[in-house]
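# Just to be clear, the model below is a prediction. Sequence and coordinates:
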Amino acid sequence: MTMRTLYTISIICVILMQSSLGFMVPQGTMAPLVRVWKTERHALEQERVSNWELDTKPFTTTKSGLKYVDMVVGDGDSPSDGDFIAVHYIGWYDKFVSDDGDDSKKTSAGVNFDNSLARDPEPLKFQYGKAPIIKGWTEALETMKAGGKRELIVPPSLGYGDKEVKSSGQPSIPANSHLRFIIDLVEVDNSILTKIRTMIPKPSTFLDKPLF
């Protein structure tokens, strides 16, 4: 835990104690807390720019705030609503120092919270436009082509917002995190046969329903 964080916590504790005892909290008490918060936020923004090379790589920034840069431009189809796609990906969130402030534990990549290749050699498959994915992914995949590889920087508004995300066996993603992904669009399956096959109910679904 950094000294700035300890200082912030101590101010909050004092304010809460004063309020609980019925004391008036003097005007301006919150000012140091706000300054610390702004300083920490600015420092994190600078770390994000530096470590993720936001000012050196040729990122495209969309109206929504999504940043992306193509590492490989694919030559296949782009996904449309209802297509089945297969992807591999790696994801990080924007934390570059350890909780104990140990500089030797600094990382320029951020905290790796998922890696599909490490989990399974088979790519993740889902139906584009139907599966519940974050807005940043939906927007980025729309203009990718099969065989392409793209780096994304996803702001909280296009990611998980103000909610902490917890997954079994993976690091939790703090609320309001900026996310960095590298996505490989392995396949886009827009064949009519595949879509028809998904419309046919599985035999097990009939067994779940009463016969009369």
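Nice, thanks for sending it over. Numbers count the residues shown, from 1 in each chain.
# pLDDT weak spots in this protein?
1-41, 99-106, 195, 197-212 (pLDDT under 70).
# Can you show me the helices along it?
Under the criterion DSSP state H, the chain carries helices at the ranges 3-20, 30-51, 116-119, 135-142, 192-199, 203-207.
# Which residue is the nearest non-sequential neighbour of Asp75?
Gly147 (5.6 Å; CB to CB, 6 or more residues apart in numbering). C-beta here means a position set from N, CA and C on the backbone, and glycine is covered the same way.
# OK, contacts around the one you found?
Gly147 makes contact with 72, 74-76, 185-186, according to CB atoms under 8 Å, 6 or more residues apart in numbering.
# Give me the buried subset of those residues.
Listed as buried from those are 74, 185-186; burial here means 16 or more other CB atoms under 10 Å.
# out of these, which are inside strands?
Using DSSP state E, the members of the buried ones among the contacts of Gly147 that fall in strands are 185-186.
# now the buried ones among the contacts of Gly147 as JSON lines including distance to Tyr93?
Converted to JSON lines, the buried ones among the contacts of Gly147 look like this (distance: CB to CB, whole Å):
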{"residue": "Gly74", "distance to Tyr93": "26"}
{"residue": "Leu185", "distance to Tyr93": "22"}
{"residue": "Val186", "distance to Tyr93": "24"}
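# closest to Asn176 among the buried ones among the contacts of Gly147?
Leu185 (27.7 Å; CB to CB).
# so the closest one makes contact with Ile85?
Yes. Leu185 lies in contact with Ile85 (CB atoms under 8 Å); the separation is 6.6 Å.
# Need the residues touching each of these two.
Shared contacts of Leu185 and Ile85, defined by CB under 8 Å, 6+ apart, are found at 79, 141, 146.
# want to try a markdown table for those, with distance to Leu179 as columns?
Below are the shared contacts of Leu185 and Ile85 laid out as a markdown table (distance: CB to CB, whole Å):
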| residue | distance to Leu179 |
| --- | --- |
| Pro79 | 20 |
| Leu141 | 15 |
| Ala146 | 23 |
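# Most neighbours of all those, which one?
Pro79 (25 neighbours; other CB atoms under 10 Å).
# which phi and psi does that one have?
phi -70, psi 140 (degrees, to the nearest 10).
# and it, what is it in contact with?
When the contact criterion is CB under 8 Å, 6+ apart, the partners of Pro79 are 85, 128-129, 141-142, 144, 185, 188, 190.
# from these, which is closest to Phe59?
Met144 (15.0 Å).
# these two touch, right, the closest one and Thr138?
No. With contacts counted by CB under 8 Å, Met144 stays clear of Thr138, the gap being 11.2 Å.
# These two: which is more packed in?
A direct count of neighbours by other CB under 10 Å for Met144 and Thr138 places Met144 higher, at 25 against 16.
# The closest residue to that one other than its chain neighbours and Trp137: what is the separation?
Nearest non-adjacent residue to Met144, counting by CB to CB, 6+ apart: Leu185, 4.7 Å away. Distance of Leu185 to Trp137, computed by CB to CB, to the nearest Å: 11 Å.
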